[in-house]
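In: need a structure here:
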Amino acid sequence: MTLYSLRKHNPDLDITLYRYDSEPNKQWEDEVAQDFHSYNGQDYMELVPDLNIKIEEWTCPELEGVTPSHKSNIFKWQMLGQEECIYFDMDILFLRDIQPVVDLVTQTLVSVDKWLMIGVLGSTGNNVFFNTAYKNCFNIFNKNRYQSLGVENIYNLLYGGFAYNDDGSVNWGYITGRDIAADISNTFGVTINNLPKDLFYRYDHKEISRIYTNEELDVSGMVGLHWYGGHVMSQKYNSILTKEYTDNTFICKLLKECYDT
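Out: Numbering: from 1, shown residues only. Down below sits the predicted model:
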C-alpha cells in the first residue's frame, strides 16, 4: 500500500524501489518485529511494475549479522549522502501528493520533534551529514540492537557516550533535551529543514495503536500516515489486511478509501 498510495496521489512522480538479498533472520533483542520474519500474507511484488515504478537491485556492503532492517538504514544513509532524492520507509500510507515534502527539500531534510524520526528524509546530494552517517555504520553496528544503524547511529555521531546510559540503553533524558536539528547543522555545516511532525507523525509510535481502533482520527493536512511497521499491532494487521478484509478500525477506513477512489 505504500507504493500503491504513493503512485495514486503522485501519478507523474519518478519512483524507484530498491531491493537487496537478505536472510529472514531476527538478530536484535528488542521486541520490535518486522515483515521479513512475521509476515504471512500475500506477496504483492509482482504487481509493482503495473504502477510504473522502477525496481533496482542494491548490493549491501558486508557486515556480519546484518538483517534487512539494518540494511535499509545502510541504504538510506548511502543514497541520501550521494544522490538528490527523497527517501520513504515502506510503512507509510500516503493520503495526498508529496508536494509539501518536495517544497521543503533544500540541502538536508530531517524530521525532529523531541527525537529524530527517519522514515522520511531528503537530500540534494553530496551531503556530508548523510555520508558520515553511512560511514559510521561500519563503526557502530551492533546486530543485537534494532536501531543501531538507525537513529542510534545519528545520536552516536552527535553526542558520543552522552547518548547512552551506563547500561547501554539510549539516554532519552539527554536526547530529548537537545536541539537535534541545530546540532546536526552545527556539527556538519549543513542547512537543515525540519519536516513538520504533523505531515507523517501526528500519531507517533506512542499513539499508533489508535489507528487500529474505531476512533475517528484527524488526518487533515497529513501527507501520509507512518504506521510503524514494527509495532505489535501493525504486525498483527499487516498479514490480514487486504482489499477483501473489512472491519471498523480507522486504518481499514483509510485503506478502503484508497482502494475505492
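In: Now do the SS call for the residue nearest to Tyr174 when sequence neighbours are not counted.
Out: In this structure, Tyr174 finds its nearest non-sequential neighbour in Phe162, 5.5 Å apart by C-beta to C-beta, 6 or more residues apart in numbering. In this view, the C-beta of every residue, glycine as well, is placed from N, C-alpha and C. Following DSSP: H, G, I helix; E, B strand; the rest coil, the label given to Phe162 is helix.
In: Was I right to think Phe162 contacts Val170?
Out: No - Phe162 lies out of contact with Val170 (C-beta atoms under 8 Å); the separation is 10.7 Å.
In: higher neighbour count, these two?
Out: Neighbours were counted for Phe162 and for Val170 using other C-beta atoms under 10 Å; Val170 has more, 17 against 12.
In: pLDDT weak spots in the protein?
Out: 22-41, 239-246, 261 (pLDDT under 70).
In: pull the longest helix from it.
Out: Across the chain, the helix with the greatest residue count (assigned by DSSP state H) is helix 68-82.
In: Now do the helices in the stretch 51-200 of the chain.
Out: Assigned by DSSP state H, counting those that start in this stretch, the stretch 51-200 of the chain shows helices spanning 68-82, 99-102, 128-140, 151-159, 172-175, 180-188.
In: Any buried residues in the longest helix of the chain, and which?
Out: Within helix 68-82, the residues that count as buried by 16 or more other C-beta atoms under 10 Å are 68-81.
In: residues near the closest residue to Gly229 other than its chain neighbours, how many?
Out: The shortest distance from Gly229 to any non-neighbouring residue, by C-beta to C-beta, 6+ apart, is to Asp91 (3.4 Å). By other C-beta under 10 Å, the residues close to Asp91 number 20.
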